[in-house]
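Enquirer: this one's sequence-less:
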């Protein structure tokens, strides 16, 4: 029988997310504004569409909001941006290996926070961050 994901306990996975956040340089931690990190099992169809991906591509994380670089003087009383990490896909690409999951969570958190700071996927590719 094939493995079903996610397999890791949610609390253990969330601890990896907290660890990744705590490992960020203080410079970034202090400048993150009005953003919430979430964990979900799998992306929805809407998440797939928002990311511009077909149903076969795995989304590991998704940033939804207004990047810091686009916020102006009218930015107030706004619901928080969200960064969602998808536990199932992260476990799949990590082949269920704990250390690989930890590293993938770290990489995904950094990637999505880069979007919060206004760095596009194209720029991340240029920087070799994929």
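Expert: Thanks, I have it. Just so it is clear, the structure is predicted and the values come from calculations on it, not from any experiment.

Enquirer: nearest the middle, which residue of the chain would you pick?
Expert: The residue lying closest to the centre of the chain (C-alpha atoms, centre = their mean) is residue 61, at 3.5 Å.

Enquirer: which non-adjacent residue is nearest residue 60?
Expert: Counting by C-beta to C-beta, 6 or more residues apart in numbering, residue 108 is the residue found nearest to residue 60 once chain neighbours are left out, at 4.7 Å. Placement of C-beta: from N, CA and C, glycine included.

Enquirer: low-confidence regions, this protein specifically.
Expert: 1-2, 54-56, 128-130 (pLDDT under 70).

Enquirer: strands of that one, start to end?
Expert: Ranges of strands within the chain are 35-40, 61-64, 81-86, based on DSSP state E.

Enquirer: buried residues in the last one?
Expert: Yep, that's strand 81-86 we're talking about. Taking 16 or more other C-beta atoms under 10 Å as the basis for neighbour counts, the residues of strand 81-86 that come out buried are 81, 83-86.

Enquirer: likewise stretch 50-68?
Expert: Taking 16+ other C-beta under 10 Å as the neighbour-count basis, stretch 50-68 is seen to contain the buried residues 59-63, 65, 67-68.
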